[in-house]
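# Predicted coordinates and the sequence they were generated for:
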Amino acid sequence: MNNYEYIIAGLPSLQPGVTGGHPAAEQVIRSIRDQLSGKDNELMDLLLSGYESDRLDADFYRKALKHRNRFIREFFEYDLNLRNAKVEYLNRSLGRPEGQDCVQPEGWDESGFEGRQEIMAVLEGGDILKRERGLDDLLWKKIDEITVMDVFDIEVILGFTAKMKIIDRWDKLDPDTGHAMFRRLVEEIRATYDNKKNHMI
């Protein structure tokens, strides 16, 4: 992804101690997309469509899990496992039948998913906001795992965008938390950029 360095250089800076006021996720994502190729924007279209609840059916996940792009495959595999774990927890809590409302794409086997235990541990928490933050922290960590070996490519941009969507949700739930997460993201992406660029010199 040829414009990666320009995208990182164009990230907004934040002033220490200032709460709120950072650019909305929509604004940041639009700025990124203006610098992407048509092919890369097709990947962004697919990623962002995964945040439209009416599209998250078995057919959507079946296509995503077979997609040629590694980030799309791995991100939506984790997303599917996370969503199903939440439904399973809800089913048990409400005494509903096991498997009700879980999404099961054709040919998909969830038996090898290793993150269910830590997701369930978060779901057992009593504080709703802490529980939601815990789940988003797990998703954030998974994004880092997917992109850890990527250097200046579209996978890094997709991961950044997925994190911006997490921040966008927290801006609505708790603006202070959203601001702190945005600061964390800017610091992470700049540090990653500097480290990887130095290793390439």
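Alright, I've got the coordinates.
# mind saving the C-alpha coords of the helix or strand harbouring residue 29 as PDB?
Under the criterion of DSSP states H and E, residue 29 resides in helix 25-33. Extracted in PDB, the C-alpha atoms of helix 25-33 (Å, rounded to 0.1, in the frame of the first residue of the first chain):
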ATOM      1  CA  ALA A  25     -13.900   8.000  13.200                       C
ATOM      2  CA  GLU A  26     -15.900   8.800  10.100                       C
ATOM      3  CA  GLN A  27     -13.700  11.800   9.400                       C
ATOM      4  CA  VAL A  28     -10.400   9.900   9.900                       C
ATOM      5  CA  ILE A  29     -11.600   6.900   7.800                       C
ATOM      6  CA  ARG A  30     -12.700   9.200   5.000                       C
ATOM      7  CA  SER A  31      -9.300  10.800   5.000                       C
ATOM      8  CA  ILE A  32      -7.600   7.500   4.800                       C
ATOM      9  CA  ARG A  33      -9.900   6.300   2.000                       C
END
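# For that helix, which residues meet the burial criterion?
For helix 25-33, burial by neighbour count (16 or more other C-beta atoms under 10 Å) applies to 25, 28-29, 32-33. Heads up, the C-betas are built off the backbone N, CA and C, glycines and all.
# quick check: mean pLDDT across that helix?
Taken as a whole, helix 25-33 has a mean pLDDT of 86.
# And stretch 145-161, end to end?
Between the opening and closing residues of stretch 145-161 we find a distance of 15 Å, counting by C-alpha to C-alpha, to the nearest Å.
# mean confidence score for it?
84.
# again with stretch 103-113
Along stretch 103-113, the predicted confidence averages to a pLDDT of 84.
# Repeat that for stretch 122-139.
pLDDT averaged over stretch 122-139 equals 89, rounded to a whole number.
# list the buried ones in it?
Neighbour-count burial for stretch 122-139, counted by 16+ other C-beta under 10 Å, picks out 122-123, 132-136, 138-139.
# likewise stretch 39-55?
Neighbour counts over stretch 39-55 (16+ other C-beta under 10 Å) mark 40, 43-44, 46-47, 50 as buried.
# what residue lies at the spatial centre of this structure?
The central residue of the chain, meaning the one whose C-alpha is nearest the mean C-alpha position (C-alpha atoms, centre = their mean), is residue 162 at 3.4 Å.
# Mind checking what secondary structure that residue has?
Using DSSP: H, G, I helix; E, B strand; the rest coil, the structure places residue 162 in helix.
# And it, how far from residue 24?
Separation of residue 162 from residue 24 (C-beta to C-beta, to the nearest Å): 16 Å.
# Repeat that for residue 116.
From residue 116 over to residue 24 the distance is 33 Å, taken as C-beta to C-beta.
# for residue 179, same thing?
Residue 179 sits 12 Å away from residue 24, taking C-beta to C-beta as the criterion.
# For the two, indicate the residue with more neighbours.
Of the pair residue 179 and residue 24, residue 179 is the one with more neighbours under other C-beta atoms under 10 Å, namely 19 against 13.
# Which of the helices or strands spans that one?
Since the elements are taken from DSSP H and E, residue 179 ends up inside helix 175-200.
# Any idea how many residues pack against residue 80?
The number of residues packed around residue 80, counting by other C-beta under 10 Å, is 25.
# Nothing else from me, thank you.
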